[in-house]
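Chemist: pasting the sequence and the predicted model now:
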Amino acid sequence: MIDPTLKSYTEQLSVLYVEDDPVSSAIIRKMLERIFNRVYGASDGVEGLQQFQTHQPDLVVTDLMMPNMDGISMLREIRIHNQKVPVVLMTASLEHADLVEAINLGVSKFLAKPLRSDAVQRALMGVTRELHLERVAEDARRQEVELLRYRNRYHSLQEELAKAKERHIVRNQFAGEYLPVDGQGGWLLDLLQQPRDIMSGDSYAAMMHVDNRIVIFLSDAMGHGLSAAVTSMLTTSFFNHFFSSACCAPYRFDVLTERTIGFAAQNLLEDEVFSCLLMELDPVQQRARLLCCGMPALLLKRNGRVERLPGANPPVCSFSPPLVYQEIDLQGVSDILLATDGLGDAQLRYGGSYRDRLIDDFGSTATAAQLFQQYALQCDDDQNDDDITLLRLLYAGGSDETTRYRLGAAPTMQGISSLQQQVIELLEGAGLAGERLDALELALSEALLNAFEHGFLRMGDAKQRLLLEGEYDELITAASPRSGEEIGLTLTLVPSGTLLLVWCEISDPGPGFDAEQIRNRRVRNNAPSGRGIKVMERSVDLVRHSPSGNRVLLLQTFDDESLKRRN
């Protein structure tokens, strides 16, 4: 069976395969014709080179050993005129010299003979994904150029300034971070916003008080366009100012909420209403206070089950009744969804509103992106003219059905390699397999290396200099652990409906990496120090670091298709 994701990548692509053995050639052609739009074949390197020059395929799959011209020689000729085309090299054996030259010539993947369909699909998935992303990026660039040709210069400038102002006003102190609790796991915020206009009627702020209480503000102004955006932006600015003035001193949540609601009401027109919620989450007391005014009901996952909590107040208007607060017991709660009505009110393609599906989809997903993906499958987002903002507060500590392993290793290359192997063996023992496990292993490798470099060796920004001066390898291989220091890892497996959530929390004994640098995204693309974070973000569902930078938290979710259940 062909992976539908792979098929979506290859449906517009062409491929050239070069194989001298007639039987193998027929098998390969049959595989490729089920995947690619156009397939060209050749029986040796000379014919393959001619076919490449004639058809200019998007991808080349070639055997190594062939008469007249072998695969390496053909690739050498191709690279004279084309440096970018991806190449997959098939071989039953590979000498060291051939391997080195193949890598130098830019071979993307190696396939061992005899070929297996699953191995071929995995190799093609990795190669064609990059081609697909390049084409998407190129299409986006072309669309942007076309848009710029027809935009009015003055209005374009005003739009950009308005967006910049909006981005400046909204606050998310948890961007890329999580709040550790009791030395393991913690709370994090996963946020997704889909605005419709230049400025959005939805706004938000996520703040952390000095005593580690989390305070969330989410608003949805009535109507569309500038009027709604002004109301939301003004109220969010007031909330930010009032909270910042009290963030380093004792404050009362009810005072913050009453002042914020009062400010909003004071600035509404007689026929306007304003929906918002404010929530204070205390991770130590495991309780939350909620003030919800006209917003959709909160959804909570408690010990794997979804609970619905409707708000207790009408939308804010110029004359509002006394406010009613709600208390939430956080025992067993692992996920809280806060969303504006643009999500639930969206129309399903076959009738009804997405609100009818929201509880089920919330229960079967773990991140904001996964939930939005489920929404987009069932609703035509292009027809939805309402802004969507959704926030998921996730707790990485697990629930009653959690399985947790605490591991540790000496801060050496051998130690982190052993630690990684232990984790993978535990995950395979739990029935995990496939591409998502491979991606988690890659992210885990980067996280452990990060802990070793920045936590134990205190390397900081010196990595690039060490690499250039040839001192890096010697430093990491000669490192010996100091007494009492180790790299710790907590592996938490949390069943959640049809999903299994895998949390990996890595802690190091030192200062870690520069959290401020990551927070402000100042990592240069060509800088070795900090690129591991980007690799992690591409590999797993969520990556978060502690404010101090010496803890990294990874989340990878596995559904039924990525679990090889054992009897």
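Modeler: Structure received.
Chemist: residues of stretch 196-215 that come out buried?
Modeler: 196, 198-209, 213-215 (16 or more other Cβ atoms under 10 Å). In this view, the C-beta of every residue, glycine as well, is placed from N, C-alpha and C.
Chemist: domain parsing for this structure?
Modeler: Taking automatic domain parsing as the domain assignment, the ranges for the chain are 4-136, 165-395, 403-562.
Chemist: and Leu147, which of those is closest to it?
Modeler: Each of these has some distance to Leu147 by Cβ to Cβ; the shortest is domain 165-395, at 13.6 Å.
Chemist: ok, and the helix or strand in the chain with the lowest average confidence?
Modeler: helix 515-519 (a mean of 59; mean pLDDT, DSSP states H and E).
Chemist: just after that one, pick out the following helix or strand.
Modeler: helix 531-539 (DSSP states H and E).
Chemist: what is that following helix packed up against?
Modeler: helix 435-450, strand 542-545 (3 or more Cβ pairs under 8 Å, 6 or more residues apart in numbering; DSSP states H and E).
Chemist: contacts for stretch 341-356, please.
Modeler: When contacts are defined by Cβ atoms under 8 Å, 6 or more residues apart in numbering, stretch 341-356 is touched by residues 194, 202, 220, 275, 295-296, 357-358, 375, 378-381, 383-384, 386-390.
Chemist: alpha carbons of that stretch, as CSV, please.
Modeler: These are the backbone C-alpha positions of stretch 341-356, laid out as CSV (Å, rounded to 0.1, in the frame of the first residue of the first chain):
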residue,chain,number,x,y,z
ASP,A,341,-16.0,31.0,18.7
GLY,A,342,-14.4,31.1,15.2
LEU,A,343,-13.5,27.5,15.8
GLY,A,344,-16.7,26.0,17.1
ASP,A,345,-19.1,28.1,14.9
ALA,A,346,-17.4,27.1,11.7
GLN,A,347,-19.7,25.2,9.3
LEU,A,348,-19.1,21.6,8.6
ARG,A,349,-18.9,20.7,4.9
TYR,A,350,-21.9,18.4,5.2
GLY,A,351,-24.1,20.5,7.6
GLY,A,352,-24.0,21.5,11.2
SER,A,353,-21.2,23.3,13.1
TYR,A,354,-17.8,22.2,14.1
ARG,A,355,-18.9,22.5,17.7
ASP,A,356,-20.6,19.1,17.2
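Chemist: in it, what's buried?
Modeler: Asp341, Gly342, Leu343, Gly344, Ala346, Tyr354.
Chemist: in helices, which of those residues fall?
Modeler: Of those, the ones assigned to helices by DSSP state H are Asp341, Gly342, Leu343, Gly344.
Chemist: quick one: secondary structure of Asp382?
Modeler: Following DSSP: H, G, I helix; E, B strand; the rest coil, the label given to Asp382 is helix.
Chemist: going forward, the N-terminal residue is numbered 51.
Modeler: Got it, the first residue is 51 from now on, which makes the last one we talked about Asp432.
Chemist: and it, how many neighbours?
Modeler: 7 (other Cβ atoms under 10 Å).
Chemist: so what's it up against?
Modeler: No contacts exist for Asp432 under Cβ under 8 Å, 6+ apart.
Chemist: can we see that at 10 Å?
Modeler: Counting by Cβ atoms under 10 Å, 6 or more residues apart in numbering, Asp432 touches Ala426.
Chemist: point out where the stretch 351-500 of the chain drops to low pLDDT.
Modeler: For the stretch 351-500 of the chain, the stretches flagged by pLDDT under 70 are 448-450.
Chemist: that should have said the stretch 201-350 of the chain, apologies.
Modeler: If you take pLDDT under 70 as the line, the stretch 201-350 of the chain has these spans: 201-213, 215-216, 233, 248-249, 273-276, 297-300.
Chemist: all helices for it, in order.
Modeler: 203-219, 275-296, 303-316 (DSSP state H, counting those that start in this stretch).
Chemist: columns mean neighbour count and distance to Leu155 on top of those helices, output as JSON lines?
Modeler: Shown next, in JSON lines, are those (neighbours: other Cβ atoms under 10 Å; distance: least, Cβ to Cβ, whole Å):
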{"stretch": "helix 203-219", "mean neighbour count": "12", "distance to Leu155": "44"}
{"stretch": "helix 275-296", "mean neighbour count": "18", "distance to Leu155": "54"}
{"stretch": "helix 303-316", "mean neighbour count": "18", "distance to Leu155": "62"}
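Chemist: appreciated, that's everything.
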